[in-house]
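# Give me a model of this one.
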Amino acid sequence: MTRFEAPRGTHDILPSEQPLWQWVTGEIQDVCARYGYRRIDTPAFEDTDLIVRTSGGGSDVVQKETYTFSDRGGRSLTLRPEATAPICRAYVQHGLHREAQPQKLYTVGPMWRYDRPQRGRYREHWQLSVEAIGTDDPAIDAEVIQLYSELLRRVGVTDYVLELNSIGDSKCRPAYIEQLAKWLDEHDEELDEEARAKLATSPLRVFDVKSERVQALLAGAPTIGESLCDECREHFALVREYLDAYGVSYQLTPRLVRGLDYYTRTTFEFKDEAIGAKDTICGGGRYDGLIEAIGGPPTPGIGFGAGIERLLLSIGSDRTEPLQIDVFFVCEPNSERARILPLLAELRRRGLRADMDYAGRSTKGQLTQAARLGAGWTVLVDGVQATVRQQGREDFSAPLDEVVDRITG
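Below is the predicted model:
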């Protein structure tokens, strides 16, 4: 008989993992709410052209990583590889540009990218996406970055590096790309096939090449910072000034680029050694031309995507919490279990986590299970009477019908 397993590159979030998962996502929701970001949820799949137009036809995402399929009506659809483009599509579709700006939005949900599965990297992975759409104020750049640093502080992650750069805009970047392409052509013999392929589609992406030999070569390449226009230079200076005011430490990384076409000006990555070789746990930047590219009015924006699984690796397994129960009923052999069921229901209605044995354990086994679950109250039922044990207090006996009021009173 076939033994089925989860598809390669996916994973189950087991009950034992849920307490930590729920705690982290709860912290995310609380932090976002405190900063004025409202939740938005978009469909799991989008029109393929939206993904191609926003990510860039030559990007690794489109070329190698998207899950694209035709539905029964012949429409080409793609599982969302990231959340920024879908959120911007919703912003345009539902007229959010006509509401007060900026629109401060976030979502938490699964994304899909066909990639080589490895530690902290799944083909179906969960991601936090935070977006501030409708302003080019450099202070919002600093706020978005500081929001994630605050989340890291709250969940106890401290061993990370924030890398920061500006990649200019449509005014100054073309001249830099021309200069970079010329330099790369002059060093063509030292490039590998991956670098040549990226040069042919988007020269900036050459900085994402994995080869250490090519990376060593690129250390001598011209940097975008040397070509920024006055507006971009001033914007980046203010972003750094505001981050300094927040007390956020960062490392200027002149060759930091992001892998999608829509990025402009501010780009950043949070990296942590906990998931291997200071890998990225959060990346983002400004995308001032994205809304216009998908049919909306000219609208600036900035945001980031942060993997939940990667964040959990940074937090570490020592934060896992055992399952806790408030009340556990231990039934003696002569007890009528039917009398216990309404008590369980009433305790649950009053907000307590209540349970009993369903595995046929002995009395001793039930007491062991109650201890394993960390029960605050253990109720030993003997006929119509009960003995209630609470850690740190004396046992008391009561008729079974009075137990709920005695515990919750």
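
# make it CA atoms for all contacts and neighbour counts henceforth
Fine.

# What segments of this protein are helices?
18-34, 48-55, 60, 84-93, 138-154, 173-186, 193-201, 212-218, 230-246, 290-293, 308-315, 337-349, 363-372, 403-408 (DSSP state H).

# Save those as a markdown table, and put in mean neighbour count and distance to Leu164 too.
Conversion of the helices of the chain to a markdown table gives the following (neighbours: other CA atoms under 10 Å; distance: least, CA to CA, whole Å):
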| stretch | mean neighbour count | distance to Leu164 |
| --- | --- | --- |
| helix 18-34 | 16 | 22 |
| helix 48-55 | 19 | 21 |
| helix 60 | 15 | 22 |
| helix 84-93 | 20 | 19 |
| helix 138-154 | 19 | 10 |
| helix 173-186 | 16 | 17 |
| helix 193-201 | 16 | 22 |
| helix 212-218 | 14 | 18 |
| helix 230-246 | 17 | 9 |
| helix 290-293 | 20 | 21 |
| helix 308-315 | 21 | 19 |
| helix 337-349 | 15 | 50 |
| helix 363-372 | 17 | 47 |
| helix 403-408 | 13 | 54 |
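
# Now distance to Ala6 too, for those, in TSV please.
Shown next, in TSV, are the helices of the chain (distance: least, CA to CA, whole Å):
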stretch	distance to Ala6
helix 18-34	18
helix 48-55	26
helix 60	25
helix 84-93	27
helix 138-154	30
helix 173-186	43
helix 193-201	32
helix 212-218	34
helix 230-246	43
helix 290-293	35
helix 308-315	17
helix 337-349	34
helix 363-372	29
helix 403-408	43
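
# Would you single out the least confident of the ones you listed?
Looking at these, the lowest mean pLDDT belongs to helix 60 (a mean of 66).

# Gly109: which of the helices of the chain is closest?
Nearest of these to Gly109, taken as CA to CA: helix 308-315 at 9.2 Å.

# residues in contact with the closest one?
If you take CA atoms under 8 Å, 6 or more residues apart in numbering as the criterion, helix 308-315 is touched by 21, 120-121, 125-128, 155-157, 272, 274-275, 281.

# for stretch 181-197, same thing?
By CA under 8 Å, 6+ apart, the residues outside stretch 181-197 that reach it are 199, 203, 206, 209, 214, 217, 221-222.

# Now the terminal residues of it, how far apart.
Its start and end residues considered, stretch 181-197 measures 12 Å (CA to CA, to the nearest Å).

# Likewise for stretch 160-179?
33 Å.

# give the contact list for Ala85.
50-51, 54, 290.

# Tell me how many other residues surround the residue nearest to Gln366 when sequence neighbours are not counted.
Distance criterion CA to CA, 6 or more residues apart in numbering; nearest residue to Gln366, sequence neighbours excluded, is Val330 at 5.8 Å. For Val330, the count of nearby residues is 28 (other CA atoms under 10 Å).

# what's the answer for Glu189, then?
9.

# any idea how far it lies from Val214?
11 Å.

# Check Glu65 too.
Look at Glu65 and Val214: by CA to CA, they are 23 Å apart.

# Please apply the same query to Gly156.
36 Å.

# Please apply the same query to Cys229.
According to CA to CA, Cys229 stands 28 Å off from Val214.

# Now do Ile177 against Lys198, distance only.
12 Å.

# so what sits against both of those two?
Joint contacts of Ile177 and Lys198 (CA under 8 Å, 6+ apart) are Leu204.

# Only C-alpha atoms, please: export stretch 97-111 in PDB.
Output of stretch 97-111 as PDB, limited to C-alpha atoms (Å, rounded to 0.1, in the frame of the first residue of the first chain):
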ATOM      1  CA  HIS A  97      -5.800  55.100  -3.300                       C
ATOM      2  CA  ARG A  98      -9.000  57.100  -2.800                       C
ATOM      3  CA  GLU A  99      -8.700  56.600   1.000                       C
ATOM      4  CA  ALA A 100      -6.400  58.400   3.500                       C
ATOM      5  CA  GLN A 101      -2.800  57.800   2.600                       C
ATOM      6  CA  PRO A 102      -0.600  56.100   3.400                       C
ATOM      7  CA  GLN A 103      -2.400  52.700   3.400                       C
ATOM      8  CA  LYS A 104      -0.500  50.700   6.100                       C
ATOM      9  CA  LEU A 105      -1.200  47.000   5.500                       C
ATOM     10  CA  TYR A 106       0.100  43.600   6.400                       C
ATOM     11  CA  THR A 107      -0.600  40.000   5.800                       C
ATOM     12  CA  VAL A 108       0.600  36.600   7.100                       C
ATOM     13  CA  GLY A 109       0.100  33.600   4.900                       C
ATOM     14  CA  PRO A 110       1.600  30.900   2.700                       C
ATOM     15  CA  MET A 111       3.700  31.700  -0.400                       C
END
